[in-house]
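**Student:** need coordinates for the following:
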Amino acid sequence: MLYIIFLTGVCNLRCRYCGGTIPEEVMPHEIQYSIEDLKKFISMDNDAIIAFYGGEPLLRINYMKKMMDLLPAKRFVVQTNGLFLDKVPEEYLSRLDTILVSIDGREEVTDYYRGGGVYHMVVDKVQKIRKVYHGDLIARMAVSQESDIYKEVMHLLSLPFDHIHWQLNVVWAPDESWTDFDSWLRNSYNPGITRLANLWIEELRNGRILGIVPFQGIIKRMLFNETGLPCGAGRDSFAITTDGRILACPIGGEFSWNELGDIWSKEPGDIRNSVDVDEPCKSCDLYPICGGRCLFANKERLWGMEGFNKICGTVRHLIAEMQRARDVVEELIAHGKFKMEDFYYPPFNNTTEIIP
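**Tutor:** Got it, this is the predicted structure:
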């Protein structure tokens, strides 16, 4: 299973769409348990994947190093804002299977949401580690009203990333980030997805699979008949807070449905398949592919049902484009241009949720 480990609740940025540092009443800023206690819990799972999370996990590099040395995990992942990547010793960088770096696309968009000068600092650090890091380097965007999905993805594809992933800024209740969500969907986002799908299909015909995670992940689910929430939350992906609590989903540590016990009173087998999405998702015709999109959004629906349905509309459009792409993929496989396993991405749960 995947264990998302909070190394700290503290963050050194305060992005427009995020509260930054997690309030201490939700989770202590610093780890309260011993690494030996965590090791005892993780050791009960022979297929453990560890993802370091925060706050900003690289504010606590020494904790990350200790855990990488002590925890019996098959793979290690980190989600970071990228500003301290050059502080990670090469020995530990090389042991990270996946690094997800928060960057929202072009300079003006990234700096608008994440703070002035952040874009250049992140790109500089990414370029530095790319010389020595040979794992999967993923640009992870938060997409909001200032984002042009086509332009942002195209820009990030020009940088030294292997893959591009994004999440829509639609988790929390609508705030000043949005002034006209409907117009943005109609005139920017959905047309941008279509343009990207056209490019992706064109590149497939040219023998190249562009590293666009939502496209690859959906095609994988179609070809290999994968079901359930793509992120695995509540099924085979769980978060461990700084005070040792176990959450189905890493966001929303203050919600009772999300808390499943702690590392002292539970075993991995106790929590597997413990939380699932509710209706209307399970009765939806797209459920076999979408899997309910997001456990937290399904449970809380902070945008109300009207907003919930609008967000589902983006998924419907995305899947329709990938159904079109699937025909091309299967044609190219049949003609020997690709092997089916070429489309098995991600190869493990690397915290990319697949459905934006």
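**Student:** state the helix or strand in which V328 lies.
**Tutor:** helix 304-334 (DSSP states H and E).
**Student:** just the mean pLDDT for that helix, thanks.
**Tutor:** For helix 304-334, mean pLDDT is 97.
**Student:** ok, longest strand in this structure?
**Tutor:** When the chain is parsed with DSSP state E, its longest strand is strand 136-143.
**Student:** what is that strand packed up against?
**Tutor:** strand 98-102, helix 118-130, helix 149-157, strand 163-168 (3 or more C-beta pairs under 8 Å, 6 or more residues apart in numbering; DSSP states H and E). C-betas here are computed from N, CA, C, even on glycine.
**Student:** which residues sit against the last one?
**Tutor:** What it means is strand 163-168. If you take C-beta atoms under 8 Å, 6 or more residues apart in numbering as the criterion, strand 163-168 is touched by 100, 136-144, 149, 152-153, 156-157, 211-214, 216, 311, 314, 345, 352-353, 356.
**Student:** for M340, what are its contacts?
**Tutor:** Contact analysis of M340 by C-beta under 8 Å, 6+ apart lists 223, 333.
**Student:** and the gap between it and E331?
**Tutor:** Applying C-beta to C-beta, to the nearest Å, the value for M340 to E331 is 13 Å.
**Student:** what do you get for N187?
**Tutor:** From N187 across to E331, the span is 32 Å (C-beta to C-beta).
**Student:** could you find the closest non-adjacent residue to G307?
**Tutor:** Distances taken as C-beta to C-beta, 6 or more residues apart in numbering place P174 nearest to G307, at 7.0 Å, with adjacent residues excluded.
**Student:** burial measure for that neighbour, as a count.
**Tutor:** Residue neighbour count, defined by other C-beta atoms under 10 Å, stands at 14 for P174.
**Student:** and it, how far is that from I22?
**Tutor:** Computed as C-beta to C-beta, the P174 to I22 distance reads 21 Å.
**Student:** and what of R245?
**Tutor:** R245 is 13 Å from I22, by C-beta to C-beta.
**Student:** give me the common contacts of these two.
**Tutor:** By C-beta under 8 Å, 6+ apart, the residues touching both R245 and I22 are G253.
**Student:** which among the helices and strands packed on strand 136-143 is found nearest to N206?
**Tutor:** Closest to N206 of the helices and strands packed on strand 136-143 is helix 149-157 (C-beta to C-beta; 14.4 Å).
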